[in-house]
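Visitor: no sequence on this one, just coordinates:
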């Protein structure tokens, strides 16, 4: 599998793919006020005549009523060209209909790119990432030149870098208990048992927090995901 993916990526890097990009998925940190401002700028430009063809731009549904993003003012702007529209995505849409999006624009750091991979569990749309975070190993493009980068990518084509993605199951074993301990638990237990239960509960809560940050608890599998870069 790894060899075939590497070979495919090598061959794809020799030519550009030109696709009709209409549905654009914008991904950023919805709780970061500065990044929300950048996302608003990109969304407004993509909806305007300056971006070329009409686009449907999807942003996270938490931004619909965000005071900094001002979704209503973007959608009702006179600069929005005919045929363009602003829509909102949620996790359910990503899970059920990943093919609805032609490209993902990730505005942030490496964590934002990895979050895109977590959102799309089965099929990952092409990801074009702009550096706006502290780390930039996976973010290939400077945000300051996003207009030029996107214009060239949409009009002249993109090269594809194929990536592997691993999903793993984390299984935690619980220590066995003696018959006496089992009897004590049925009778209400003692302070020692309560402490052990509290420790176990804290471990579960910590694991839940890890899951909420984007770790997958699905069965082990290998999937392909693409990261697009313009040349």
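Guide: Thanks, I have it. Please read all numbers here as calculations on a predicted model, not as lab measurements.
Visitor: Name the nearest residue to residue 58, sequence neighbours excluded.
Guide: Once flanking residues are discounted, residue 58 sits nearest to residue 89: 4.4 Å by C-beta to C-beta, 6 or more residues apart in numbering. Quick note: C-beta positions are derived from backbone N, CA and C, even for glycine.
Visitor: Identify the bridge partners of the one you found.
Guide: residue 60 (DSSP bridges).
Visitor: distance of it from residue 127?
Guide: 15 Å (C-beta to C-beta, to the nearest Å).
Visitor: In terms of packing, which of those two has more residues around it?
Guide: residue 127 (26 against 19; other C-beta atoms under 10 Å).
Visitor: per-residue confidence at the more buried one?
Guide: Note on residue 127: pLDDT of 91.
Visitor: now it, nearest residue through space, not along the chain?
Guide: Nearest non-adjacent residue to residue 127 (C-beta to C-beta, 6+ apart): residue 104, at 4.6 Å.
Visitor: Give me the most central residue, this structure.
Guide: With distances taken as C-alpha atoms, centre = their mean, residue 116 lies nearest the centre of the chain, 1.7 Å away.
Visitor: Just checking the distance from whichever strand or helix holds that residue to the centre of its chain.
Guide: Secondary-structure assignment from DSSP states H and E places residue 116 in helix 110-119. Offset of helix 110-119 from its chain centre (C-alpha atoms, centre = their mean, to the nearest Å): 4 Å.
Visitor: Show me what that helix is packed up against.
Guide: Of the remaining helices and strands, those touching helix 110-119 by 3 or more C-beta pairs under 8 Å, 6 or more residues apart in numbering; DSSP states H and E are strand 23-27, strand 103-108, strand 127-131.
Visitor: what does the second one contact?
Guide: The reference is to strand 103-108. Residues from elsewhere that reach strand 103-108 (C-beta atoms under 8 Å, 6 or more residues apart in numbering): 21, 24-29, 32, 35, 38-39, 42, 112-113, 116, 124-130, 132-133, 139, 143, 150, 228.
Visitor: Quick check on these: which are buried?
Guide: 21, 24-29, 32, 35, 38-39, 42, 112-113, 116, 124-130, 132-133, 139, 143, 150, 228 (16 or more other C-beta atoms under 10 Å).
Visitor: can you map out the helices along this structure?
Guide: Taking DSSP state H as the test, the helices found in the chain are 2-12, 33-47, 71-75, 91-96, 110-119, 146-156, 179-186, 191-212.
Visitor: just flag whichever of those helices has the lowest average confidence.
Guide: helix 191-212 (a mean of 57).
Visitor: mind checking how far the residue nearest to residue 113 when sequence neighbours are not counted is from residue 109?
Guide: Closest residue in space to residue 113, ignoring its immediate chain neighbours: residue 138 at 4.3 Å, by C-beta to C-beta, 6+ apart. Shown here: residue 138 relative to residue 109, a distance of 8 Å by C-beta to C-beta.
Visitor: Could I get the pLDDT score of residue 174?
Guide: 70.
Visitor: one step back: looks like the residue nearest to the centre of the chain contacts residue 128 (just checking).
Guide: No. Using C-beta atoms under 8 Å, residue 116 makes no contact with residue 128, being 10.3 Å away.
Visitor: ok, the residue nearest to residue 113 - contacts?
Guide: Counted by C-beta under 8 Å, 6+ apart, residue 138 has contacts 110, 113, 114, 129, 227.
Visitor: separation between it and residue 116?
Guide: Residue 138 is 10 Å from residue 116, by C-beta to C-beta.
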